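In: Fold the following and give me the result.
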Amino acid sequence: MPNFVLRENVDELAYDFSPFAGKGVVPEPSAAQIQNFRVALSQLVTEMAPDQTETEDGTELLRRVTEYLGRDTTEINDKLLHTLADVCSDQPSFDELEGLPYRAQQAFMGFITGTFLVPKLPITATS
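Out: Sure, this is the predicted structure:
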């Protein structure tokens, strides 16, 4: 009897965007797709983060954060949705993701990021 059964340890990546359009199953990404996803997310985080110096006082940091929050992030959000669609082999597509409300986009991004970048550890009972 095997100790590891794939279908018991790796769930299907089904999604349902009801009441909005789109439902299906994300195809299992390749190692290259996962690596590209990691690199793209790293670049986007670097692009989004406000610059900071070690000598900043609280006023300067507040100014930078306020400036950051006031930025137009449309281009970055589009890149993020393209990155998400790419790692999902366009199932869902960029257009489907773009059609979702912001919180739905963010929730799906969290689901995919958590699934692909955070390893699932087996839960064991302790005595």
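
In: Break down this structure into its strands, ranges please.
Out: With DSSP state E as the criterion, the chain has strands at 14-16, 23-25.

In: list the helices and strands the last one packs on?
Out: This points to strand 23-25. strand 14-16 (3 or more Cβ pairs under 8 Å, 6 or more residues apart in numbering; DSSP states H and E). All C-beta atoms are positioned from the backbone trio N, CA, C, and that covers glycine.

In: TSV for the strands of the chain, including mean neighbour count, mean pLDDT and distance to E67?
Out: Putting the strands of the chain into TSV (neighbours: other Cβ atoms under 10 Å; pLDDT from 0 to 100; distance: least, Cβ to Cβ, whole Å) gives the following:
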stretch	mean neighbour count	mean pLDDT	distance to E67
strand 14-16	12	95	35
strand 23-25	13	95	40
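
In: Dump those to CSV, plus distance to V87.
Out: Output for the strands of the chain, formatted as CSV (distance: least, Cβ to Cβ, whole Å):
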stretch, distance to V87
strand 14-16, 13
strand 23-25, 14
